[in-house]
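Q: 3D, please:
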Amino acid sequence: MKSDTPSRRRTLKAGALTALGATLGACGADPGEGSDKGAGKGPGEGPDAVTAYRMPDEASPHELTYMSWPSRRIWKTYVHAVREDIARIARTIAEFEPVTLLADDRDAKGARRACGSGVEILPVPVDDLWMRDTGPSFVLGPDGGVAGVDLNFNGWGGKQPHTRDRHVARRTLSDRGVPRIEATIVGEGGAIEVDGAGTLLATESSLVNANRNPGMSRDGVERALKRLFGVTEVLWVDGVRGKDITDHHIDALARFAAPGVVVMSTPPSTAAEDVWTRAYRQARATLATAKDAHGKTLDLVDLPEPADIGRRGPDFLASYVNYYVANGAVIMPRFGDKKADGAAAAIVRDLYPGREVTQIPVNALGEGGGGIHCATQQLPKAR
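A: I've put the predicted structure just below:
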């Protein structure tokens with residue numbers, strides 16, 4: 001991809017929210033009250049009932065993976081390259097579990113042709129491909145049934161125009177008849193990371209932000225997260241405000257590989273000093289002394305970023321931790337730095353024993369500031 005590919009970070013730098021189809025879909029959902037009260041509503045239930053729900057870790061069994069087909073309205077002349085990446089991800093995941101891909105009616109035929117018969121195409125109006133953020137974040141109820149948390153996607157704080165992605169979570173849940181929990185906070189699925197055992201990771205820059213939750217304190221956001229996702233401990237790192245469209249989502253920085261084990265995207269020693277390297281150091285120092293929901297000190301695992309990736313745009317997301325854990329597999333990026341690619345695969349293989357580690361190129365997504373995890377959302381199996 002050329003260095004002028006639409007980018008999450010460059011959208012802010014240029015101040016052009018629509019130019020070049022800045023790579024994320026947007027929504028005008030009203031963030032609602034700045035109140036610290038309540039976390040969300042299940043069907044016919046008050047906010048206190050939401051405490052019974054729990055978000056499983058990504059490695060738990062999936063029913064299927066949701067994805068979304070990028071539109072020409074957003075990606076303009078880059079749509080072909082990014083669609084190739086999305087189709088490649090969908091076909092790869094479909095080797096391990098079912099994939100349902102949302103696409104506009106007029107794009108459905110092309111999406112089906114690109115993805116093959118192993119991927120189900122669901123006709124739903126969409127703007128963009130970032131299903132992790134536009135789709136619902138699924139939780140399990142006390143009876144083992146599945147519900148979906150609608151985080152009121154508002155285009156990462158109104159940074160990009162929208163008409164369709166604001167409704168993706170609701171329409172996805174409606175299609176399968178899954179109960180919808182409407183959160184009283186605004187956020188995105190990529191802004192949270194859970195271990196499935198009571199601990200949640202997040203960047204303060206993304207969620208405790210007036211562009212999502214005006215007038216709401218960190219304690220208020222934390223209480224909402226605890227009730228929505230059934231966690232008892234929220235570990236905050238600072239993150240970075242205003243430098244990329246997500247305000248620095250956690251899923252490109254730190255992930256739970258298991259309860260008590262956090263894998264971190266580690267800049268190479270040659271990396272220039274900037275807001276991202278400083279954010280990494282702050283996060284690592286914070287997590288090194290943190291304890292999870294069970295009082296356990298975290299085991300931090302470095303996952304070094306590639307150093308030799310050729311000519312890429314300045315905002316290329318070269319983060320191996322933006323991988324996706326599917327049934328029996330981990331799908332992760334390959335950046336072309338053979339030494340770094342091999343080392344990253346070996347580390348992930350050790351972290352997920354018994355799973356097949358598959359690396360694929362996703363350079364169009366990388367130029368757009370995103371990755372494999374950003375483009376996927378798992379539907380857990382009901383228990």
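Q: in the stretch 101-250 of the chain, which segments are predicted with low confidence?
A: Within the stretch 101-250 of the chain, the stretches with pLDDT under 70 are 161.
Q: one more time with 50
A: Scanning the stretch 101-250 of the chain for pLDDT under 50 picks out nothing.
Q: Do a quick rundown of the helices in it.
A: For the stretch 101-250 of the chain, the helices defined by DSSP state H, counting those that start in this stretch occupy 105-115, 131-134, 155-158, 168-176, 204-207, 218-229.
Q: how about those helices, which one is nearest P333?
A: Nearest to P333 among those is helix 131-134 (14.8 Å), distances taken as Cβ to Cβ. For the C-beta atoms, the positions are set from N, CA and C on the backbone; glycine is no exception.
Q: any idea where the strands of the stretch 251-383 of the chain begin and end?
A: Assigned by DSSP state E, counting those that start in this stretch, the stretch 251-383 of the chain shows strands spanning 254-258, 261-266, 299-304, 324-326, 329-333, 356-360, 377-380.
Q: In CSV, list the ones you listed along with mean neighbour count, distance to A346 and mean pLDDT.
A: Formatted as CSV, the strands of the stretch 251-383 of the chain follow (neighbours: other Cβ atoms under 10 Å; distance: least, Cβ to Cβ, whole Å; pLDDT from 0 to 100):
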stretch, mean neighbour count, distance to A346, mean pLDDT
strand 254-258, 23, 14, 98
strand 261-266, 21, 13, 98
strand 299-304, 16, 10, 98
strand 324-326, 24, 17, 98
strand 329-333, 24, 11, 98
strand 356-360, 17, 9, 98
strand 377-380, 24, 24, 98
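Q: between the ones you listed, which gets nearest to K339?
A: It is, among the strands of the stretch 251-383 of the chain and with distance given as Cβ to Cβ, strand 299-304, at 9.8 Å.
Q: CA atoms of the closest one as CSV?
A: Output of strand 299-304 as CSV, limited to C-alpha atoms (Å, rounded to 0.1, in the frame of the first residue of the first chain):
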residue,chain,number,x,y,z
ASP,A,299,3.3,-12.4,34.2
LEU,A,300,4.3,-10.0,31.4
VAL,A,301,5.4,-11.5,28.1
ASP,A,302,7.2,-9.3,25.5
LEU,A,303,6.0,-9.8,21.9
PRO,A,304,8.6,-7.7,20.0
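Q: and it, what other elements does it pack with?
A: Identification of packing neighbours for strand 299-304 by 3 or more Cβ pairs under 8 Å, 6 or more residues apart in numbering; DSSP states H and E yields strand 261-266, helix 275-288, helix 338-351.
Q: now the first one against strand 299-304, angle please.
A: Which is strand 261-266. If you take axes from the mean of the first three to the mean of the last three Cα atoms, to 10 degrees, strand 261-266 sits at 30 degrees to strand 299-304.
Q: helices or strands next to strand 261-266 in the packing?
A: Short answer (3+ Cβ pairs under 8 Å, 6+ apart): strand 261-266 packs on strand 254-258, helix 275-288, strand 299-304, helix 338-351.
Q: Mind doing that once more with 7 Å?
A: strand 254-258, helix 275-288, strand 299-304 (3 or more Cβ pairs under 7 Å, 6 or more residues apart in numbering; DSSP states H and E).
Q: TSV for those, including distance to L101?
A: Below are the helices and strands packed on strand 261-266 laid out as TSV (distance: least, Cβ to Cβ, whole Å):
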stretch	distance to L101
strand 254-258	24
helix 275-288	31
strand 299-304	28
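Q: Tabulate the strands of the stretch 251-383 of the chain (a markdown table), appending distance to V275.
A: Putting the strands of the stretch 251-383 of the chain into a markdown table (distance: least, Cβ to Cβ, whole Å) gives the following:
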| stretch | distance to V275 |
| --- | --- |
| strand 254-258 | 16 |
| strand 261-266 | 14 |
| strand 299-304 | 19 |
| strand 324-326 | 26 |
| strand 329-333 | 22 |
| strand 356-360 | 28 |
| strand 377-380 | 28 |
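Q: which non-adjacent residue is nearest T277?
A: Nearest non-adjacent residue to T277, counting by Cβ to Cβ, 6 or more residues apart in numbering: P267, 5.0 Å away.
Q: Quick check: that neighbour touching R281?
A: No. Under the criterion of Cβ atoms under 7 Å, P267 makes no contact with R281, lying 8.9 Å away.
Q: Mind listing the shared neighbours of these two?
A: By Cβ atoms under 7 Å, 6 or more residues apart in numbering, P267 and R281 have no common neighbours.
Q: So which of those two has more stuff around it?
A: Each of P267 and R281 has its neighbours counted (other Cβ atoms under 10 Å); P267 has more, 21 against 12.
Q: what sits against A318?
A: For A318, the contact set (Cβ under 7 Å, 6+ apart) comprises 305-306, 309, 335, 366.
Q: Could you rerun that using 8 Å?
A: The contact partners of A318, taken as Cβ atoms under 8 Å, 6 or more residues apart in numbering, are 305-306, 309, 312, 335, 366.
Q: One more: V275?
A: Shown in contact with V275 (Cβ under 8 Å, 6+ apart): 240, 243.
Q: ok, back up a step: out of the contacts of A318, who's nearest D165?
A: Closest to D165, out of all of the contacts of A318 and judged by Cβ to Cβ, is G366, at 21.0 Å.
Q: now that closest one: how far from L173?
A: 30 Å (Cβ to Cβ, to the nearest Å).
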